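> Predicted model and sequence below, questions to follow.
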Amino acid sequence: MILESKKLSLLGLNLSQLEQLAINNGQSSFRGRQIYQWLYKRGVRNLEDITVLPKSWKNSLIEKGFRIGSLKEIQRLLADDQTVKLLLQTEDDQIIETVGIPTKNRLTICVSSQIGCPMSCRFCATGKGGFERSLYINEIVDQFFAIKQIFDRAPSHVVFMGMGEPLLNIDAVLNSIRCLNQDIGIGQRRITVSTVGVANTLPRLAELARHYLGTVQFTLALSLHAPNQELRQALIPSANNYPIAALLEDCRHYLEITGRRVSFEYILLGHLNDHIEHAEELAVLLSGLQSHVNLIAYNPIHGEKFERPSSNRIRKFMSRLQERGIAVSLRTSRGLDKNAACGQLRSMHE
């Protein structure tokens with residue numbers, strides 16, 4: 001059994017792994033089940049707080065370097081709409097962002113999968129801060145419990161739309177989905193993985209997801225943001241090595257393997273990719289592909305001159321897609337008064 005952290009984190013381990021951990025340390029498997037219950041049902045973030053364990057063994061685990069939560073909150077911002085944005089510090093003193101988005105009937109958490117991002121999308125603040133490393137399983141799952149502690153209720157939905165490119169950290173992301181689903185109890189259909197697209201990776205994601213999860217029910221959200229290769233390359237540098245035709249073919253392959261439609265994210269940038277002609281082009285591009293388009297009005301970031309489109313331009317773009325038979329929705333922007341777009345708070349802190 002390999003624990004994926006510089007310090008030995010228990011978070012992210014399943015029931016059988018925790019039972020084996022107890023046995024390997026001279027205890028009965030029952031002690032592993034106790035840890036499991038306190039980790040995932042009670043949500044404790046410190047090993048010291050598991051009061052049912054023998055004190056001598058608990059102290060022994062602590063002395064050996066075992067931990068539960070490893071992330072430390074260093075800043076918290078509360079927006080007018082009650083969206084909470086956290087800056088969390090890792091054990092190696094790196095900074096990540098996590099966002100909790102509450103509504104009356106749900107609590108969505110936007111988790112990071114990497115520290116920074118190597119994709120350098122022009123409209124995203126995260127890439128401007130550079131890339132440090134990918135997150136471990138326990139660091140991904142720990143974000144869930146950080147938000148749960150603040151809101152005093154468990155998040156109902158999880159989106160991998162925070163810092164980083166999830167497909168460049170596939171194993172940890174899929175393991176964390178397994179933990180969120182099987183150990184914590186969040187249905188896969190309430191989990192979304194957002195990617196800008198990495199060449200030759202979507203079919204591999206589908207196969208690995210079936211291996212890790214058995215059945216693939218989570219939503220794959222592909223950040224498209226342009227209806228043609230030229231415009232996409234201008235916005236997303238990595239698209240230079242991943243033609244849009246190849247990307248859509250990989251999406252079709254993913255659908256064939258998993259049976260799950262792909263959701264396409266499209267950030268509307270005022271007077272750049274939000275013309276009616278772009279809506280027409282997008283409709284043609286996605287014709288015949290089982291999909292859904294999620295429109296997102298641009299959230300301005302420092303250092304870029306992109307504009308947030310007017311409500312009228314958003315409405316016209318959306319209406320044209322609907323007229324062409326494309327399933328489409330508009331995501332409501334949250335936390336605008338507290339710079340809630342990915343990477344903004346981290347860059348301000350640094």
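Here it is on my side, so go on. Keep in mind it's a predicted model, so treat the numbers as computed, not measured.

> Look at stretch 114-121 and report the distance between its end residues.
Across its full length, stretch 114-121 reaches 15 Å end to end, with CA to CA, to the nearest Å as the criterion.

> sorry, that was for stretch 64-79
Span of stretch 64-79 from end to end, CA to CA: 41 Å.

> ok, now stretch 212-224?
Counting by CA to CA, the length from the leading to the trailing residue of stretch 212-224 is 27 Å.

> For it, buried residues please.
Of the residues in stretch 212-224, those scored as buried under the neighbour-count criterion (16 or more other CB atoms under 10 Å) are 212-213, 216-224. (Each C-beta comes from the backbone N, C-alpha and C, glycine too.)

> Pick out whichever of those residues sits closest to G127.
S223 (12.3 Å; CB to CB).

> Beta-bridge partners for that closest one, please?
In this structure, S223 has beta-bridge partners E265, where bridges are defined by DSSP bridges.

> what's the spacing between it and V52?
Per CB to CB, to the nearest Å, S223 is found 45 Å from V52.

> Now do the contacts for L289.
Residues near L289 by CB atoms under 8 Å, 6 or more residues apart in numbering: 248, 251-252, 255, 262.

> out of those, which are inside helices?
248, 251-252, 255 (DSSP state H).

> ok, back up a step: wait, which of the contacts of L289 is closest to T192?
Compare each of the contacts of L289 with T192 using CB to CB and the shortest gap goes to V262, at 11.3 Å.

> Just give me the neighbour total for that closest one.
By the other CB atoms under 10 Å criterion, the neighbourhood of V262 contains 22 residues.

> Same question for R320.
Other residues lying near R320 total 19 when counted by other CB under 10 Å.

> Which helix or strand lies directly C-terminal to the helix or strand harbouring it?
When secondary structure is defined using DSSP states H and E, the element that contains R320 is helix 311-323. Downstream of helix 311-323, the next assigned helix or strand under DSSP H and E is strand 328-331.

> which strands and helices sit next to that following strand?
Helices and strands touching strand 328-331, by 3 or more CB pairs under 8 Å, 6 or more residues apart in numbering; DSSP states H and E, are strand 291-297, helix 311-323.

> Burial-wise, tell me which of these comes out on top.
A comparison of the helices and strands packed on strand 328-331 by mean neighbour count, using mean count of other CB atoms under 10 Å, puts strand 291-297 on top with a mean of 19.

> Residues touching that one, excluding its own?
Identification of contacts with strand 291-297 by CB under 8 Å, 6+ apart yields 221, 251, 261-268, 282, 286, 308-309, 314, 317-318, 321, 326-331, 333.

> From the residues you listed, list the buried ones, please.
Using 16+ other CB under 10 Å, the buried ones in the contacts of strand 291-297 are 221, 251, 261-268, 282, 286, 308-309, 314, 317-318, 321, 326, 328.

> Assign a three-state SS to the closest residue to T219 other than its chain neighbours, would you?
For T219, the nearest residue in space outside its immediate sequence neighbours is T192; the separation is 4.3 Å by CB to CB, 6 or more residues apart in numbering. For T192, the secondary structure call by DSSP: H, G, I helix; E, B strand; the rest coil comes out as strand.

> hang on, isn't T192 packed against F160?
Yes: T192 is within contact range of F160, at 6.7 Å (criterion: CB atoms under 8 Å).

> more neighbours, those two?
F160 (25 against 20).

> who touches E265 in this structure?
Listed by CB under 8 Å, 6+ apart, the contact partners of E265 are 194, 221-225, 294, 296.

> partners of the residue most central in space within the chain in the sheet?
Among the residues of the chain, the smallest C-alpha distance to the mean C-alpha position (CA atoms, centre = their mean) belongs to F160, namely 1.0 Å. On DSSP bridges, the residues paired with F160 through beta bridges are V193.

> Would you mind measuring from F66 to N24?
With distances taken as CB to CB, F66 is found 12 Å from N24.

> Of those two, give the one with the bigger neighbour count.
F66 (18 against 10).
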